[in-house]
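S.K.: Curious how this folds, go ahead:
(one chain, ligands or ions: 2)
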Amino acid sequence: MVVVTNSQMKQIEENSLKYSMSMKRLMENAGSAAAMFIRRTMEVDGKFCTVFCGRGNNGGDGLVVARKLYESGANVVVVLTDGDPATDQAKEMMELIAPMDVALVYYEKEDPAYLKERLEATDIIVDAIYGTGFHGQLDEKHRKICELINGTTAQVIALDVPSGVTCDTGFADEYAVIADMTIAFDSYKPLHVLPVSVGYCGEIKTADIGIPPQAHEGIEGQFILVDNEFVFSRLPKRRRDSHKGSYGKLLNIAGSQKYMGAAILSTMAAMRAGAGYVTLASTKEVCRTALPSLLEAVMLPLKQGKEGHISYESLPEILEALENSTALLIGNGLDVTQDTCRLVYEVLKNAKCPVIVDGDGINVISRNIDILKQTNCNIVLTPHMKELSRLTTLPIEQLKQDRYTIGANFAREYGCTVVMKDAYTATAGADGRMYINTTGNAGMAKAGSGDVLAGIIGGLAAQGIDLVTAAAAGAYLHGLAGNYAACKYSQYGMLPREIIDQLPKVFLHNDR
Ligand SMILES: NC(=O)C1=CN([C@@H]2O[C@H](COP(=O)(O)OP(=O)(O)OC[C@H]3O[C@@H](n4cnc5c(N)ncnc54)[C@H](OP(=O)(O)O)[C@@H]3O)[C@@H](O)[C@H]2O)[C@H](O)CC1
Ligand SMILES: [K+]
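M.R.: Residues are numbered from 1 along each chain as shown. Ligands and ions are numbered 1, 2, ... in the order given. All right, here's what the predicted structure looks like:
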């Protein structure tokens, strides 16, 4: 599905002007298409419609819808929420509607009691206050208006964007319009697919507004919704004539006296994700303890430092093992000590295979971010919000509002893939693309889930699956297996290890 950003949409609109299209025509087409969708979905003749129009082009589209619904027999009132239209084409639409028997009221000048009464009698509300031009938060006046809209029983149809939702981030003001239907003009925009905003849209329809196909040339979608088709079209079936060497060797440098479970979970998950060999490189104590749970893994027992972590003296053994590995996973439960910092830096500088850095590996990198520029390998980082905040040195509040832009910029600047773990994990590729994951549930919000995800990504990468795909597909598989685990053990009761147990079911259901 092609999803275009606000600026890409503007570019498409500009391109279309080169093919003898005009802004006025586009607005007329947008409003007409929206009115047609409304007519197709509900009875309009004789119904009460209230159209809320802002001062921008979204409001102009609303004026066209108002005219078309009036022509279809509706009793129409237009409420101008911000005074007269401000753009040329919206002004023209105002002139066209003026002679009609459509009441035009200015929100500020109207008696609130009349408006309340009118809304109680309204069957259809058209939200044309803000479209793609909205940014920031709703002001007090518009919050009141949106509250009125959301408080009615009328069908609410949003034009392009439910007002109060920001196009590219999906960030919604707490009073944003909650629509029953959103009519996206020409293309899906990020807010129509982003998990944070999709709930505000209701049913989403795309309307052809007459933009010629050539106007889309050269516009590449930046947001990709990861679904079953995306994942399983990229995970090959295993060949009957293959052997364990065909599925790669993952070196997993993980664990410490404090965090033994992280080493076990990540190793187990990598094996369940199909890797041919998985080697756990950890302290002797961790390896000995982990062995009964990891019968199929290869153990690389290393010297233990004073604080119970892998000693820096183990570096030569690790580098030797790295030589014949097809992927490296580093960081799960490593602990942050002087030794592990030096170890992570040296290993990253020497690695040539794809590398997945999780947990304490990320914390170590955050202390010396430039290390990412001194490597000769492809890297995936898998930070949760707090770790992303450390990596970018930005507050979590800011990340929550715009993690897509921030994550994409970070990925581009450091040439790596960033899996931003959250209720809805998003993976930023170094090429600026964003892969949105929708699987998963709140039962996965438990210590150890991240180790499982890192292991899955590592297991896929070891098999030669390109890193961005391994990361995006890994997040999807992890979430889906988590959903199966929640069905079996409940969100309260499920454990991260059960996500690993459910992974085979995900593969089985998809003939892998
Ligand atoms: N893309 C196309 O081909 C077509 C798009 N159409 C429609 O146009 C809108 C986009 O229209 P635009 O005029 O760019 O923007 P809006 O109508 O969404 O709103 C712009 C005005 O709102 C102000 N604004 C923004 N945020 C706030 C806020 N938080 N508080 C108060 N006011 C706000 C904004 O002010 P600025 O300060 O940013 O200048 C604008 O005045 C698109 O969604 C489609 O519906 C066409 O009609 C068809 C072709
Ligand atoms: K709108």
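S.K.: Going by C-alpha atoms from here, please, whenever you check contacts or count neighbours.
M.R.: Noted.
S.K.: Which residue would be the closest one in the chain to ligand 2?
M.R.: Across the chain, no residue is closer to ligand 2 than Ala128, which sits at 4.0 Å (Cα to the ion).
S.K.: quick one, domains of the protein?
M.R.: If you go by automatic domain parsing, the domain ranges for the chain are 6-220, 228-236+245-509.
S.K.: Pull up the per-residue confidence for the residue of the chain closest to ligand 2.
M.R.: If you check Ala128, the pLDDT there is 98.
S.K.: what about it, neighbour count?
M.R.: When counting by other Cα atoms under 10 Å, one arrives at 30 neighbours for Ala128.
S.K.: Pull out the buried residues from stretch 36-51.
M.R.: Met36, Phe37, Ile38, Val44, Lys47, Phe48, Cys49, Thr50, Val51 (16 or more other Cα atoms under 10 Å).
S.K.: Check stretch 239-246 too.
M.R.: Residues of stretch 239-246 classed as buried by neighbour count (16+ other Cα under 10 Å): Ser246.
S.K.: likewise stretch 447-454?
M.R.: Quick answer for stretch 447-454 (16+ other Cα under 10 Å): Gly448, Ser449, Gly450, Asp451, Val452, Leu453, Ala454.
S.K.: isn't there a helix covering Thr469?
M.R.: Yes. Under DSSP: H, G, I helix; E, B strand; the rest coil, Thr469 falls within a helix.
S.K.: hmm, back to that, which one among the buried residues of stretch 447-454 gets closest to ligand 1?
M.R.: Nearest to ligand 1 out of these is Gly450 (Cα to the nearest ligand atom; 36.3 Å).
S.K.: Tell me who's in contact with that closest one.
M.R.: Going by Cα atoms under 8 Å, 6 or more residues apart in numbering, Gly450 touches Gly359.
S.K.: do the one 10 residues further on as well
M.R.: Taking Cα under 8 Å, 6+ apart as the contact definition, Leu460 lies against Ala270, Ala273, Gly274, Ala275, Ala470, Gly474.
S.K.: Would you mind giving the residues you listed as TSV with neighbour count and distance to Ile330 added?
M.R.: Formatted as TSV, these follow (neighbours: other Cα atoms under 10 Å; distance: Cα to Cα, whole Å):
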residue	neighbour count	distance to Ile330
Ala270	31	13
Ala273	25	17
Gly274	22	18
Ala275	26	16
Ala470	24	16
Gly474	27	16
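S.K.: Check these and tell me the two furthest apart.
M.R.: Ala275 and Gly474 (13.0 Å; Cα to Cα).
S.K.: so how far is ligand 1 from the closest residue to Gly331 other than its chain neighbours?
M.R.: Nearest residue to Gly331 in three dimensions, chain neighbours excluded: Gly361, at 3.9 Å (Cα to Cα, 6 or more residues apart in numbering). Gly361 sits 40 Å away from ligand 1, going by Cα to the nearest ligand atom, to the nearest Å.
S.K.: Is Gly361 located within a strand, as I assumed?
M.R.: No. Counting by three-state DSSP, Gly361 is not part of a strand but helix.
S.K.: Wait, it touches Leu334, no?
M.R.: Yes. Using Cα atoms under 8 Å, Gly361 is in contact with Leu334, at 7.2 Å.
S.K.: now the helices for the stretch 151-300 of the chain?
M.R.: Assigned by DSSP state H, counting those that start in this stretch, the helices in the stretch 151-300 of the chain fall at 190-193, 195-201, 228-232, 260-272, 284-290.
S.K.: Of these, which is nearest Met420?
M.R.: Across those, the minimum distance to Met420, taken as Cα to Cα, is reached by helix 195-201, at 13.7 Å.
S.K.: ok, back up a step: got a list of what the residue nearest to Gly331 touches?
M.R.: Contact analysis of Gly361 by Cα under 8 Å, 6+ apart lists Ile330, Gly331, Asn332, Leu334, Val344.
S.K.: How about the backbone phi and psi for the second one?
M.R.: Backbone torsions for Gly331, taken as degrees, to the nearest 10, come to phi 130, psi -20.
S.K.: can you list the residues of the chain near ligand 2?
M.R.: By the rule Cα under 5 Å from the ion, the part of the chain lying against ligand 2 is Asp127, Ala128, Tyr130, Gly131, Ala158, Leu159, Val161, Pro162, Ser163.
S.K.: Selecting buried members of the residues you listed in ChimeraX, what would you type?
M.R.: In ChimeraX syntax, the buried subset of the residues of the chain next to ligand 2 is picked out as below (16+ other Cα under 10 Å):
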select :127,128,130,131,158,159,161,162,163
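S.K.: And the residues of the chain next to ligand 2, which is closest to Ala176?
M.R.: Nearest member of these to Ala176, counting by Cα to Cα, is Ser163, at 5.8 Å.
S.K.: how about the closest residue to that closest one other than its chain neighbours, what does it touch?
M.R.: Using Cα to Cα, 6+ apart and skipping the chain neighbours, the partner closest in space to Ser163 is Tyr130 (4.9 Å). Applying Cα under 8 Å, 6+ apart to Tyr130 gives the contacts Cys53, Gly54, Gly56, Asn58, Gly59, Val161, Pro162, Ser163, Gly164.
S.K.: quick one, phi/psi of Tyr130?
M.R.: The phi/psi pair for Tyr130 (degrees, to the nearest 10) reads phi -130, psi 150.
S.K.: so how far is Gly333 from it?
M.R.: From Tyr130 across to Gly333, the span is 47 Å (Cα to Cα, to the nearest Å).
S.K.: Please identify the buried residues of stretch 74-91?
M.R.: Residues of stretch 74-91 classed as buried by neighbour count (16+ other Cα under 10 Å): 74-82, 84-85, 89-91.
S.K.: Quick check: bridge partners of Ile183?
M.R.: With DSSP bridges applied, Ile183 shows beta-bridge pairing to Leu159, Lys205.
S.K.: wait, doesn't it sit right on Ile209?
M.R.: No. In this structure Ile183 lies outside contact range of Ile209 using Cα under 8 Å: 11.0 Å.
S.K.: the more surrounded of these two?
M.R.: Taking neighbours as other Cα under 10 Å, Ile183 and Ile209 compare with Ile183 leading, 28 against 20.
S.K.: Now do the contacts for the more buried one.
M.R.: Contact partners of Ile183, counting by Cα under 8 Å, 6+ apart, are Ala34, Ile157, Ala158, Leu159, Asp160, Val161, Ile204, Lys205, Thr206, Ala207.
S.K.: Thought Thr182 was touching the third one, still the case?
M.R.: What that stands for is Ala158. Yes. Checked against Cα under 8 Å, the pair Ala158 and Thr182 is within contact range at 4.6 Å.
S.K.: Between those two, which contacts overlap?
M.R.: Listed contacts common to Ala158 and Thr182 are Cys201; contacts here mean Cα under 8 Å, 6+ apart.
S.K.: so which helix or strand takes in Gly60?
M.R.: Assigned by DSSP states H and E, Gly60 falls within helix 57-71.
S.K.: and that helix, what does it pack onto?
M.R.: Contacting helix 57-71 under the criterion 3 or more Cα pairs under 8 Å, 6 or more residues apart in numbering; DSSP states H and E are the following elements: helix 23-41, strand 48-53, strand 75-80, helix 88-97, strand 124-128, strand 155-159.
S.K.: Quickly check: it near ligand 1 or not.
M.R.: Yes. Judged by Cα under 6 Å from any ligand atom, helix 57-71 and ligand 1 are in contact via Asn57, Asn58, Gly59, Asp61.
S.K.: Tell me how many other residues surround the first one.
M.R.: If you count neighbours by other Cα under 10 Å, Asn57 ends up with 26.
S.K.: now the one 3 residues further on
M.R.: Here the neighbour count serves as a burial measure; for Gly60 (other Cα under 10 Å) it reads 30.
S.K.: got the contact list for it?
M.R.: Contacts for Gly60 (Cα under 8 Å, 6+ apart) come out as Met27, Cys53, Gly54, Pro85, Gln89, Ala90, Lys91, Met93, Met94, Ala128.
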